[in-house]
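> Structure of the sequence below:
(2 chains, ligands or ions: 2)
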Amino acid sequence: MSADIIQAINLEKHFDGGDIKALNGVNASVKKGEVVVVIGPSGSGKSTFLRCLNLLEVPTGGAVLFEGVDITDKKADINLHRQKMGMVFQHFNLFPHMTILKNMTLAPMKLLRKSQAEAEEKAKALLERVGLGDRANAYPSQLSGGQKQRIAIVRALCMDPEVMLFDEPTSALDPEMVGEVLEVMKELAREGMTMVVVTHEMGFAREMADRVVFMADGKIVEEGTPEKIFSSPEQARTREFLAKVL
Amino acid sequence: MKPSASQTWPLEAPDWILNGPEWLNDLGYDFYKSFVFDDRYQMYIKGLGNTLLLTLLALLIGVALGVVISLIRVSWDKNHTEMQGPGRFFLGFFNALAKVYLTVIRGTPAVVQLMIMYFVIFASSRNKVMVAALSFGINSGAYVAEIIRGGIMSIDGGQMEAGRSLGFGYVATMRYIILPQAFKAVLPTLANEFIVLLKETAVAGYVGLTDVTYAGNIIGGNCYDYLFPLLMSALIYLILVMFFTFLVGKLERRLRSSER
Ligand SMILES: Nc1ncnc2c1ncn2[C@@H]1O[C@H](COP(=O)(O)OP(=O)(O)OP(=O)(O)O)[C@@H](O)[C@H]1O
Ligand SMILES: [Mg+2]
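Residues are numbered from 1 along each chain as shown, chains lettered A, B, ... in the order given. Ligands and ions are numbered 1, 2, ... in the order given. Just a heads-up that it's a prediction; the model follows:
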């Protein structure tokens, strides 16, 4: 139960031949069932860190272990590992040329070789759970932002991932739709899903995080329980940031 | 029978011309010799069939070639910095080949390519339509490749990331997610390429292929009068182009209404 499912070892990501140091030696681990919330100022490297975990961004140094396997190793089959790491993006990235149902069944059918009936059954059950059971045959353009993001979450869940990565899932939403998406994420957390969440929603961090990680300048400055980070942060940098956002 | 200008007509004119009003006689006779005499109109029908067949085949070859070339170019541009080993070598090789192809094809006239194809490369083949279709297809492929490349690049980068994050490889993401959207985006442009191609095939007569233009040319030569025959060729193209333009417009409206 307490085994590390993800381990980032001395992660480094430099862009433009080293001119931009987005990550500068990040060490972090995520335990099974844990909810880790990553906060920090804009440009601190939160997205880069998250995207390095499933190698959407290839780190220029260090390693990422997923379930004990070094996935930065050239011999690792990254596509296979990614099947078990769901990702939710700020801008949803639903496939606009497919219905909601097709969005959700494509990967399970092509990658997990599920039958259409099997894949659709699971997709429909998930849609039901996020209150969108009646939208299976709609196209993404026919949905609101909040609905799109809920679909994006369940699309990832259709692959039965071990971990879910969220990169500012509510930042592109109108304020009145933030709640419905956070609600789905909270339910997921309560069910014991392992989650790494980059967000500016401090309320979510406070309520749901097992651990809050504060990043600045491509480094982890401080981490700990929400109580510790929000009530008695040790680093001046953390206090400065929290004073601005709280 | 009226003694009219008919004395100067080398052909014997049928009664329906001579019985008509006199001021129409000359016109009627020109029409007769250009289209009716010797069943000359049949050459236009043959030419029309060849023009359409040639254009369609060329477009099919062009699209097939264009997809392959654009995929090579896009894959190389996006991935070569992270690739290594033999995969990188082969992709790099094909990418270089694709660039040469694009440069040569777009840098030389289609009619010269056609003549080289027919008189040199396929000098032993007498299947004019197939050789010409291949030549125009290879020519069109260079333009289609750039159209499709534009379509692929117009798709938001988040689509590739979403596909990859689900576990799809680069090729599978291209196939299921990027290409269908790219095709939809460039469908009207591709349809326009068909119209452009339709007119470009008008040089097929250089290798003796009877298309709409060559039909007019031959008939004009036979009657020692090019006015009616060439006007007819022009008219056929005009009608075709207007018809296909109408269809493309419909297609665009249909796509836009199904737009998200
Ligand atoms: N593809 C890229 N090319 C060059 N520089 C990049 C690239 N992606 C990120 N960076 C740079 O890396 C640094 C960290 O960016 P990152 O997106 O990880 O920050 P962030 O913490 O997610 O910020 P935000 O809260 O604004 O999303 C920034 O300086 C950014 O400009
Ligand atoms: Mg970010």
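> mind checking the backbone torsions on the closest residue to chain B within chain A?
In chain A, the residue that lies nearest chain B is A:Ser141 (2.6 Å; CB to the nearest CB). Yep, even glycine has a C-beta here, placed from its N, CA and C like the rest. Backbone torsions of A:Ser141, given as degrees, to the nearest 10, read phi -60, psi -20.
> With A:Lys13 instead?
Taking degrees, to the nearest 10 as the convention, A:Lys13 sits at phi -140, psi 110.
> and it, what does it touch?
Contact analysis of A:Lys13 by CB atoms under 8 Å, 6 or more residues apart in numbering or on different chains lists A:Lys21, A:Ala22, A:Leu23, A:Gly45, A:Thr48, A:Cys52, A:Glu57, A:Pro59, A:Thr60, A:Gly61, A:Gly218.
> B:Ser256 is in what secondary structure piece?
You called it Ser, but residue B:256 is Arg. Assigned by DSSP states H and E, B:Arg256 belongs to helix B:227-257.
> Return the set of buried residues in that helix.
Judged by neighbour count using 16 or more other CB atoms under 10 Å in any protein chain shown, the buried positions of helix B:227-257 are B:Phe228, B:Pro229, B:Leu230, B:Met232, B:Ser233, B:Ile236, B:Tyr237, B:Leu240, B:Phe244, B:Val248.
> one step back: how deep is the residue of chain A closest to chain B tucked in, by neighbour count?
11 (other CB atoms under 10 Å in any protein chain shown).
> Ok, B:Trp23 next?
8.
> Could you list the residues in contact with stretch A:104-114?
A:83, A:95, A:98, A:115-116, A:118-120, A:122-123, A:126-127, A:151, A:154-155, A:158-159, B:166-168, B:172, B:176.
> Name only those of these that count as buried.
A:83, A:95, A:98, A:119-120, A:122-123, A:126-127, A:151, A:154-155, A:158-159, B:166-168, B:172, B:176.
> ok, now which ones touch residue 189?
No chain specified, so I'll use chain A. A:Ala189 neighbours (CB under 8 Å, 6+ apart): A:Val35, A:Met195, A:Met208.
> hm, I was asking about chain B
The neighbourhood of B:Thr189, defined by CB under 8 Å, 6+ apart, consists of B:Ile147, B:Gly151.
> what separates it from A:Met215, distance-wise?
For B:Thr189, the distance to A:Met215 (CB to CB, to the nearest Å) stands at 45 Å.
> helices and strands around the helix holding B:Arg256, which ones?
helix B:25-31, helix B:41-79, helix B:179-200, helix B:212-223 (3 or more CB pairs under 8 Å, 6 or more residues apart in numbering or on different chains; DSSP states H and E).
> Centre of the chain to that helix, how far?
Centre-to-centre, helix B:227-257 and its host chain are 13 Å apart (CA atoms, centre = their mean, to the nearest Å).
> and what of stretch B:127-138?
The answer for stretch B:127-138 is 11 Å, by CA atoms, centre = their mean.
> Go through that stretch and flag the buried ones.
B:Lys128, B:Val129, B:Val131, B:Ala132, B:Ala133, B:Leu134, B:Ser135, B:Phe136, B:Gly137, B:Ile138.
> who's in contact with the closest residue to B:Ile105 other than its chain neighbours?
Nearest-residue entry for B:Ile105: B:Ala142, 3.9 Å, with adjacent residues in sequence omitted and distances by CB to CB, 6 or more residues apart in numbering or on different chains. Taking CB under 8 Å, 6+ apart, we find B:Ala142 in contact with B:Gly66, B:Ile69, B:Tyr101, B:Leu102, B:Ile105, B:Arg106.
> Apply 10 Å and report the result again.
Counting by CB atoms under 10 Å, 6 or more residues apart in numbering or on different chains, B:Ala142 makes contact with B:Gly62, B:Leu65, B:Gly66, B:Ile69, B:Ala98, B:Tyr101, B:Leu102, B:Thr103, B:Val104, B:Ile105, B:Arg106, B:Gly107.
> Which among those count as buried?
Burial by neighbour count, 16+ other CB under 10 Å: within these this picks out B:Gly62, B:Leu65, B:Gly66, B:Ile69, B:Ala98, B:Tyr101, B:Leu102, B:Ile105.
> elements contacting the helix or strand B:Thr103 falls within?
Element membership for B:Thr103, per DSSP H and E: helix B:85-107. Judged by 3 or more CB pairs under 10 Å, 6 or more residues apart in numbering or on different chains; DSSP states H and E, the packing partners of helix B:85-107 are helix B:41-79, helix B:128-154.
> and the angle for the first one with helix B:85-107?
Same thing as helix B:41-79. Helix B:41-79 runs at 140 degrees relative to helix B:85-107, counting by axes from the mean of the first three to the mean of the last three CA atoms, to 10 degrees.
> Pick the one among the contacts of B:Ala142 closest to B:Asp15.
Of all these, the one sitting nearest B:Asp15 is B:Gly62; the distance, using CB to CB, is 50.2 Å.
> Correct me if wrong: that closest one contacts B:Ser140.
Yes: if you go by CB atoms under 10 Å, B:Gly62 and B:Ser140 touch, sitting 3.1 Å apart.
> Please enumerate the shared neighbours of the two.
Common contacts of B:Gly62 and B:Ser140, defined by CB under 10 Å, 6+ apart, comprise B:Thr55, B:Ala133, B:Ile147, B:Glu193, B:Phe194, B:Leu197.
> you'd agree the second one is up against B:Tyr118?
No: B:Ala133 lies out of contact with B:Tyr118 (CB under 10 Å); the separation is 11.4 Å.
> Now B:Phe136. Nearest residue, chain neighbours left out?
In this structure, B:Phe136 finds its nearest non-sequential neighbour in B:Ala58, 3.6 Å apart by CB to CB, 6+ apart.
> What is the burial count for B:Leu190?
Residues near B:Leu190, counting by other CB under 10 Å, number 20.
> To clarify, my last question referred to A:His200.
Applying other CB under 10 Å, we find 14 residues neighbouring A:His200.
> ok, it - contacts?
A:His200 touches A:Ile39, A:Gly40, A:Ser42, A:Lys46, A:Glu168, A:Thr170, A:Ser171, A:Val245, counting by CB under 10 Å, 6+ apart.
> Tell me the one of the contacts of B:Ala142 nearest ligand 1?
Distances from ligand 1 to those, taken as CB to the nearest ligand atom, are shortest for B:Ala98 (26.2 Å).
> returning to that earlier point: got a list of what the residue nearest to B:Phe136 touches?
Contacts of B:Ala58 were listed using CB under 10 Å, 6+ apart, and they are B:132-141, B:193-194, B:197-198, B:200-201.
> hang on, A:Met164 in a helix?
No: read with DSSP: H, G, I helix; E, B strand; the rest coil, A:Met164 is strand and lies in no helix.
> That one contacts A:Met85, doesn't it?
Yes: the criterion here is CB under 10 Å, and A:Met164 meets it with A:Met85 at 7.8 Å.
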